[in-house]
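> Here is a sequence together with a model predicted from it:
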Amino acid sequence: MKDWVAYYDSNHSIYVNARHRDVHYGRLADAIVNHVRARTAAVLDYGCGEALHADRVAAAAGRLTLAEAGPAVRGRLVERFKENPNITVISTDRLATMPPESYEMVIFHSVSQYLTREQFDRTAALFHRLLQPGGLLLVGDVVHTEQLAAMPLEQWNLATEPLPQVPAEHEVFDRALTRD
Ligand SMILES: C[S@@+](CC[C@H](N)C(=O)[O-])C[C@H]1O[C@@H](n2cnc3c(N)ncnc32)[C@H](O)[C@@H]1O
């Protein structure tokens with residue numbers, strides 16, 4: 001295995017079957033929708049994977065950017081959502097050239113544990129630059145929770161706040177960070 005991006009870009013078997021994969025992405029899409037504040041929200045899903053039900057997120061928000069590092073996964077995303085004008089598929093590398101404050105909400109689900117400490121810090125700084133003031137960073141499925149606990153929030157100018165009013169059984173995120 002070259003690295004985690006290559007692994008997730010390959011024909012891996014982390015899901016038991018297609019139904020499991022579909023349920024995972026459906027549940028995640030619904031959880032994201034629960035946090036969308038307005039129909040005009042610009043949302044970034046960083047390391048989105050197959051994002052099978054991203055159309056639900058795009059329907060709830062105004063604009064959805066799916067950022068994925070794996071070229072094969074990205075190709076499938078482009079094909080899957082080519083008819084949806086509210087969804088843009090890009091490489092995670094492209095985000096470095098995006099204007100500041102482009103997004104109201106950033107999703108960072110099941111990605112942080114694959115990054116080195118250096119990559120993690122760089123990515124968090126990127127999110128801070130891309131989020132609008134008051135924007136929300138939703139972090140979920142964090143395997144190394146100490147990594148999240150060690151986030152230098154003051155340095156990134158992010159204020160942590162309790163998750164909004166989502167019933168616990170529908171919540172998949174561990175932490176919501178509001179950019180000040
Ligand atoms: C388990 S999948 C998560 C997909 C989706 N976010 C979800 O929750 O189902 C892990 C994702 O992390 C991404 N990833 C892993 N290492 C990365 C890195 N160094 N830079 C950017 N993305 C990375 C992979 O490309 C993959 O999309």
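On my side now, so go ahead.
> And for His53, nearest residue in space, chain neighbours not counted?
Among residues not flanking His53 along the chain, Ala29 sits closest, at 3.8 Å (Cβ to Cβ, 6 or more residues apart in numbering). C-beta here means a position set from N, CA and C on the backbone, and glycine is covered the same way.
> I figured that neighbour hits Cys48, correct?
No - contact between Ala29 and Cys48 fails when scored by Cβ atoms under 8 Å: they sit 10.2 Å apart.
> For the ligand, what is the nearest residue in this structure?
Nearest residue of the chain to the ligand: Gly49, at 2.8 Å (Cβ to the nearest ligand atom).
> Could you work out the end-to-end span of stretch 93-106 for me?
Length of stretch 93-106, first residue to last, Cα to Cα, to the nearest Å: 15 Å.
> Going by neighbour count, which residues of that stretch are buried?
With burial defined by 16 or more other Cβ atoms under 10 Å, the residues of stretch 93-106 counted as buried are Leu95, Met98, Ser102, Tyr103, Glu104, Met105, Val106.
> can you tell me if that stretch touches the ligand.
No - with Cβ under 6 Å from any ligand atom as the measure, stretch 93-106 is seen stopping short of the ligand, the closest distance being 8.8 Å.
> and that stretch, how far from the chain's centre?
Between the mean C-alpha location of stretch 93-106 and the chain-wide mean there is a distance of 12 Å, by Cα atoms, centre = their mean, to the nearest Å.
> who touches it?
Stretch 93-106 is contacted by residues 35-38, 41-44, 46, 61, 65, 67, 69, 126-127, 129-133, 135-138 when judged by Cβ atoms under 8 Å, 6 or more residues apart in numbering.
> The ligand next: which of those residues are close?
Taking Cβ under 6 Å from any ligand atom, the overlap between the contacts of stretch 93-106 and the neighbourhood of the ligand is Ala69.
> Just the ones in strands from the contacts of stretch 93-106, please.
Within these, residues falling in strands by DSSP state E are 42-44, 46, 65, 67, 131-133, 135-138.
> With just CA atoms, put stretch 120-135 into PDB.
This file holds the C-alpha atoms of stretch 120-135, laid out as PDB (Å, rounded to 0.1, in the frame of the first residue of the first chain):
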ATOM      1  CA  PHE A 120      -3.500  17.700   9.900                       C
ATOM      2  CA  ASP A 121      -2.200  21.200  11.100                       C
ATOM      3  CA  ARG A 122      -2.000  22.400   7.500                       C
ATOM      4  CA  THR A 123      -5.500  21.100   6.700                       C
ATOM      5  CA  ALA A 124      -7.000  22.800   9.800                       C
ATOM      6  CA  ALA A 125      -5.300  26.100   8.800                       C
ATOM      7  CA  LEU A 126      -6.800  25.600   5.300                       C
ATOM      8  CA  PHE A 127     -10.200  25.200   6.800                       C
ATOM      9  CA  HIS A 128      -9.800  28.300   8.800                       C
ATOM     10  CA  ARG A 129      -8.900  30.300   5.700                       C
ATOM     11  CA  LEU A 130     -11.800  28.800   3.700                       C
ATOM     12  CA  LEU A 131     -14.500  29.200   6.300                       C
ATOM     13  CA  GLN A 132     -16.500  32.400   6.600                       C
ATOM     14  CA  PRO A 133     -16.700  34.000  10.000                       C
ATOM     15  CA  GLY A 134     -19.300  32.100  12.000                       C
ATOM     16  CA  GLY A 135     -18.900  29.100   9.700                       C
END
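> Much appreciated, bye for now.
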